[in-house]
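Engineer: model this:
(2 chains)
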Amino acid sequence: MAKIRASKPGLRLRLYIAGNAPNSLRAITNLKAICDEHFATECVLEIVDLLVHPARALADGIIVTPTLLKLSPLPVQRVIGTLSDTNQVCLALASR
Amino acid sequence: MTGTKARPKQDLAQRLAEAEATIEALLSGQIDAVVDSKTQSPVLLFKAQDALRESEERYRRIVETANEGIWTIDTEEKITFVNPRLAEMLGYLPDKMLGRSFLEFIPEASRVPAVKQVERSRDGNSEEIEVKLARNNGAELWVLLKTSPIRDTDGAYIGTLSMMTDRTRHRQDEEALRKSEEQQKKMQSQLMVSDRMASVGTLAAGVAHEINNPLAAVIANLDYITESLRLMISGDSAGVSPTRSNAWLLEEIKTPLDDAREAAQRVRFIVRDLKIFSRSTDDEERGAVNVDAIMESSLRMAWNEIRHRATLVKLYGRVPAVDANEARLGQVFLNLVVNAAQALPAGQAERNEIRVTTRLEGERVVIEVSDTGPGIPPHIIGRIFDAFFTTKAVGVGTGLGLAICQRIVTDMSGTLTVESEVGKGTTFRVSLPLARKKKSDVAPPVELVPAAGRRGRILVVDDEELVVRSVKRILSKEHDVVATVSATEALALCAGGEQFDLILCDLMMPEMTGMDLHRELSLVAPEQADRMIFVTGGAFTEKAWRFLSETPKEHLEKPFASANLRAIVQRYLR
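Structural biologist: Residues are numbered from 1 along each chain as shown, chains lettered A, B, ... in the order given. Below is the predicted model of the structure:
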């Protein structure tokens, strides 16, 4: 589990992945690139491995991985898949 | 997607959008794991997918690279899949075969069995059959066809998978194999002959030596007798009176005459031995054979090889006859004896021994040839019966001897085995089955008919003048003998009306053979032809053999004793 803290927290993200599965690795890479590009100063990212913390996934209502949760600002948003569609991800993260 | 505690209130539209996104992600293969809602535990998708992909990949590779041609057909007998190998076998591009009936690729004659097999396989019977396929270029291809049904997940029959192994090459290989085996067999029999000739050749020098010795004795004794006669006639014999000279002469020439005769007899035996080994190759007949006698002949043939190397010990068990071919068995014995001799160094005859044993063991005769040579090392002993394996120097051994010996012995339902100890020596053991019937192996006894009888008129024909003269000499006292060295002259005599009671005729003569003369006489003087008795030196052609076996009268073998000659002549004059 890795955490990336931005200097001024505003955007809180949680990415559910499944170990080293290829789509999960792709999702991490894509998400980091998007954060660096568009939300560098205000992003806190938490990556949770479904295989290590299945209970947390259940608590968050996760049914597939990779799934990205935007926890704050509300409303909570979910993006499912490898996060390769940058526009769609940005749209979800920017929603208030 | 059901609501959970973590997701208190949510807009229905949003949840629907999420569900759609999930499905879309699933379909586009972006999902690694799902949470099983029943067990509430994660199920890794990517692993299952990878495994599936891997196994698909593996099967695809197998099918693509298989040496077998593979197609699948649907229930309408249309081809739904072709692997590259099958397309190549038939000379099509795979795409060009898809959608066509598989029967298009099977020639008329093979269609019924092919269709039947598809039907059988549907019923669970997966037998292999050989059928022909039709190639694009019109040629036909033999394949071994295996068929299995394809069923959907509910077990319903949806088509057939067929695997085809190209048998054309296999069939051609079989054909080639059969041909090469034939060739090999032919070559083997040629090699057997050449080896026999080689073993005779090896011994030619020795045999020449064996013949020259007694021949020298014959010549020396005859010279001595001639000299004695000359002395007597010239009256130079140291003042011997004529009355005493007869007794003196008899005394003087009796011993040399006996010696000359004995020496000549030895030559006769050696030539008889040689005949055993030089029989025609077609003469493969088997019969009751006296093992001790054949061994004795072989030892005489090999004596020149043995004498300088070993003392010879013979332990004959006076065994019953075996079922064998005389010439072949002689070849085997000769080979074993010469091998034994060649295992020993020359010049130390008193230190080494060659022991020849024959004995009865149950229903078999066992013949052993042992030497006290260096023995055969264990790493070689397994190969000594292999063709072309030899430890002898180039030119000494062909490497075929033992291989051929084993073949010969095996052909006679016998066994040839070897035992050897390094430093002690080697024993070869031949075991042969007993003969069922006893063949009279001994030459017919000489019939000693009293010389007295009818005086006949006899024609002697032989291209060898010495023979003609001696026959004339032997018979002249009792008969009127006309002699000639030419069959042509003999024919002229008979054609000119000369009558003979008997014609003694050599079989093999350079210009006109005895057979030719017989044929000509049958035309011009048939009653004379019937009176021919043939004399042979033993050098037979197959034609001569057949001729002799069809001739009713017995023939006379050279060399013959004078008593024998007179007896035969008397018998036919009666």
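Engineer: make it CA atoms for all contacts and neighbour counts henceforth
Structural biologist: Will do.
Engineer: next SSE downstream of whichever helix or strand B:Arg268 is part of?
Structural biologist: Under the criterion of DSSP states H and E, B:Arg268 resides in helix B:242-277. Once the chain leaves helix B:242-277, the next helix or strand it forms, by DSSP H and E, is strand B:287-289.
Engineer: and the next helix or strand past that following strand?
Structural biologist: Counting by DSSP H and E, what follows strand B:287-289 is helix B:291-306.
Engineer: hmm, who's touching stretch A:50-58?
Structural biologist: The contact list for stretch A:50-58, computed with C-alpha atoms under 8 Å, 6 or more residues apart in numbering or on different chains, reads A:Tyr16, A:Ile17, A:Ala18, A:Gly19, A:Ile63, A:Thr65, B:Gln40, B:Ser41, B:Pro42.
Engineer: and those as JSON lines, adding neighbour count?
Structural biologist: Below are these laid out as JSON lines (neighbours: other C-alpha atoms under 10 Å in any protein chain shown):
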{"residue": "A:Tyr16", "neighbour count": "29"}
{"residue": "A:Ile17", "neighbour count": "31"}
{"residue": "A:Ala18", "neighbour count": "29"}
{"residue": "A:Gly19", "neighbour count": "19"}
{"residue": "A:Ile63", "neighbour count": "23"}
{"residue": "A:Thr65", "neighbour count": "33"}
{"residue": "B:Gln40", "neighbour count": "14"}
{"residue": "B:Ser41", "neighbour count": "17"}
{"residue": "B:Pro42", "neighbour count": "23"}
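Engineer: about what we covered before: what mean pLDDT does the helix holding B:Arg268 have?
Structural biologist: Averaged over helix B:242-277, pLDDT sits at 75.
Engineer: between that helix and helix B:291-306, how many degrees?
Structural biologist: 100 degrees (axes from the mean of the first three to the mean of the last three C-alpha atoms, to 10 degrees).
Engineer: returning to what we had before: and which of the contacts of stretch A:50-58 is nearest to B:Thr427?
Structural biologist: A:Gly19 (77.9 Å; C-alpha to C-alpha).
Engineer: show me what contacts the residue nearest to the closest one when sequence neighbours are not counted?
Structural biologist: Nearest residue to A:Gly19, sequence neighbours excluded (C-alpha to C-alpha, 6 or more residues apart in numbering or on different chains): A:Asp49, at 5.9 Å. Shown in contact with A:Asp49 (C-alpha under 8 Å, 6+ apart): A:Met1, A:Tyr16, A:Ile17, A:Ala18, A:Gly19.
Engineer: mind checking how far A:Asp49 is from A:Thr65?
Structural biologist: Here A:Asp49 is placed at a distance of 9 Å from A:Thr65 (C-alpha to C-alpha, to the nearest Å).
Engineer: so in chain B, which strand runs the longest?
Structural biologist: Scanning chain B for the strand with the most residues, using DSSP state E, yields strand B:140-151.
Engineer: show me what counts as buried in that one.
Structural biologist: Buried residues in strand B:140-151, defined by neighbour count with 16 or more other C-alpha atoms under 10 Å in any protein chain shown: B:Glu140, B:Leu141, B:Trp142, B:Val143, B:Leu144, B:Leu145, B:Lys146, B:Thr147, B:Ser148, B:Pro149, B:Ile150.
Engineer: just stretch A:20-30 next, same as before
Structural biologist: A:Ala21, A:Pro22, A:Asn23, A:Ser24, A:Leu25, A:Arg26, A:Ala27, A:Ile28, A:Asn30.
Engineer: and the residues you listed as TSV, adding distance to chain B?
Structural biologist: What follows is those, written out as TSV (distance: C-alpha to the nearest C-alpha, whole Å):
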residue	distance to chain B
A:Ala21	6
A:Pro22	7
A:Asn23	6
A:Ser24	7
A:Leu25	10
A:Arg26	9
A:Ala27	9
A:Ile28	13
A:Asn30	13
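Engineer: residue of chain A nearest chain B, please.
Structural biologist: Nearest residue of chain A to chain B: A:Val64, at 4.2 Å (C-alpha to the nearest C-alpha).
Engineer: so which residues of the stretch 351-500 of chain B form helices?
Structural biologist: B:378-381, B:401-411, B:465-476, B:487-495 (DSSP state H, counting those that start in this stretch).
Engineer: tell me the helix or strand right after the last one.
Structural biologist: Meaning helix B:487-495. Next along the chain after helix B:487-495, with elements defined by DSSP H and E, is strand B:502-506.
Engineer: ok, that following strand: who's next to it in the sheet?
Structural biologist: strand B:457-461 (parallel), strand B:532-536 (parallel) (DSSP bridges).
Engineer: any idea which of the helices of the stretch 351-500 of chain B is most buried?
Structural biologist: Highest mean neighbour count among these (mean count of other C-alpha atoms under 10 Å in any protein chain shown): helix B:401-411, with a mean of 20.
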